[in-house]
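J.: after the sequence you'll find the predicted model.
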Amino acid sequence: MTAGVMVIADPETHVTNAGIYRHHVFSKNTMGVWFLGAHHGGLIYKKYQKLGKPAPIAIAIGHHPAFVMGAVSRLQGIGGEYEAVGGLLGEPLELVKAETSDLLVPARAEIVIEGEILPDELHPEGPFGEWPGHYLGADSVPVIRVTCITHRSNAIFQDIVASGREHLMVGAIPRAGSIYHAVKSVVPSLRTVNVPVYSRMHCYLSLSKERDSDVKKAAFAALNTEQENLRAVVVVDDDIDVFNGEQVAWAIGTRFDAAEDLVVIPKWNGPGGLLPTNWESHADGSRTPKMSSAVIVDATKPAPPVRFPERTRVPMEHVESVKLELLQPFAAEDKERWLEQAT
């Protein structure tokens, strides 16, 4: 299952966390759950594991797109996803108590699978084609024992095409919003954030730089929001459209000096996970998990009062002064005359 939103509550604070995790179905009443790094669901599971108790969970399948987007947003601290969903919906998310636990689950979900993560049982899982575009996994994961399934009449089973464009968009768009809020709280001059769908490992930030230190502060705030997946943060000035890859590339080519403006952060990601570079591949086909690096690319102009060369542009007042009604249409006889001259 690739689009199920798993709900789990912290045993200490009772705060509810929701997130999408992949679930390999093992049998009629057992499935796996794959956690990575700082996934809040995984941190909560470990608390139950230390207590020697199973962790009650519920998996909601099929709901409004805002529910999926809110569930995969990266929020500070454990919990808050239901509130994020309500913000996207423009109204509170309707909830109802689960059948076999005290968890609150979406009342309008198509299907709800209830169960518990066993504290002392693992099962081989994968490999699985994940969003970076490679098959990874083939590891042992915690086991969920299913206790109850409820559904609407003629329920719709929602799925996400793994490693497809939908998978990339579901991850990129909400994370960009989470990064925006995290960076904005550190660098108020932040303008725009783009986590490009074609490369979710990258993040482009534009800001109106007031101090040269703004770049590193903004970049580290972004990296700490999406710790497992971001590999490169590119920071540009506010005259660059971060949704235009050509403009970002131009800024790197004209405002970035690798000797001074590149920061390499060793051993930032991993060990292991979804990115192939977090694994050491061997000739026999086996892999060993390892750490890998991240980079910060400062493609901004120097902060004031330094004067940097201006971009070449046609002044806007000249563009607006053009009188389009005076332009003559390119008639057929003009075309024939032009072709004759050309030959």
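T.: That came through, no problem.

J.: count of residues packed around Asp212?
T.: By other C-beta atoms under 10 Å, 12 other residues sit near Asp212. Using the backbone N, CA and C atoms, a C-beta is placed for each residue, glycine as well.

J.: residue contacts, it?
T.: Asp212 is in contact with Pro302, Ala303, counting by C-beta atoms under 8 Å, 6 or more residues apart in numbering.

J.: need the pLDDT of it.
T.: As predicted, Asp212 sits at a pLDDT of 93.

J.: and if you look at Ala84?
T.: 91.

J.: over to Gly37?
T.: Looking at Gly37, its pLDDT reads 67.

J.: how about the one 5 residues further on?
T.: Confidence per residue is given as pLDDT, and for Gly42 that number is 90.

J.: quick check: it touching Gln49?
T.: No: counting by C-beta atoms under 8 Å, no contact exists between Gly42 and Gln49, whose distance comes to 10.0 Å.

J.: these two: which is more packed in?
T.: Gly42 (19 against 16).

J.: need the contact partners of stretch 99-113.
T.: Outside stretch 99-113, the residues that touch it by C-beta under 8 Å, 6+ apart are 4-5, 7-9, 16, 56-64, 67, 82, 93-98, 114, 116, 146-152, 155-158.

J.: please identify the buried residues of it?
T.: Residues of stretch 99-113 classed as buried by neighbour count (16 or more other C-beta atoms under 10 Å): Ser101, Leu103, Leu104, Val105, Pro106, Ala109, Glu110, Ile111, Val112, Ile113.

J.: which of these lies closest to Ile173?
T.: Relative to Ile173, the closest of the buried residues of stretch 99-113 is Pro106; by C-beta to C-beta it sits at 20.1 Å.

J.: shouldn't Lys267 be in contact with Asn278?
T.: No: applying C-beta under 8 Å, one finds Lys267 not in contact with Asn278, separated by 10.4 Å.

J.: intersection of neighbour lists for those two?
T.: By C-beta under 8 Å, 6+ apart, Lys267 and Asn278 have these common neighbours: Met291, Ser292.

J.: neighbour count for those two, which is higher?
T.: More neighbours surround Asn278 than the other of Lys267 and Asn278, with 19 against 11 (other C-beta under 10 Å).

J.: mind listing the strands for the stretch 151-300 of the chain?
T.: Along the stretch 151-300 of the chain, counting by DSSP state E, counting those that start in this stretch, strands occupy 190-194, 202-207, 232-237, 262-269, 279-281, 287-289, 292-299.

J.: tell me what the second one is packed against?
T.: So that's strand 202-207. When contacts are defined as 3 or more C-beta pairs under 8 Å, 6 or more residues apart in numbering; DSSP states H and E, strand 202-207 packs onto helix 165-184, strand 190-194, helix 214-225, strand 232-237.

J.: give the buried subset of the contacts of stretch 99-113 as a PyMOL selection command.
T.: To isolate the buried members of these in PyMOL, using 16+ other C-beta under 10 Å:
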select buried, resi 4+5+7+8+9+16+56+57+58+59+60+61+62+63+67+82+93+98+114+116+146+147+150+158
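
J.: restricted to helices, list the contacts of stretch 99-113.
T.: Members of those lying in helices (criterion: DSSP state H): Phe67, Tyr82.

J.: got a pLDDT number for the nearest residue to Pro11 once chain neighbours are set aside?
T.: With sequence-adjacent residues excluded and distances taken as C-beta to C-beta, 6 or more residues apart in numbering, Pro11 is closest to Lys47, at 5.3 Å. pLDDT, Lys47: 95.
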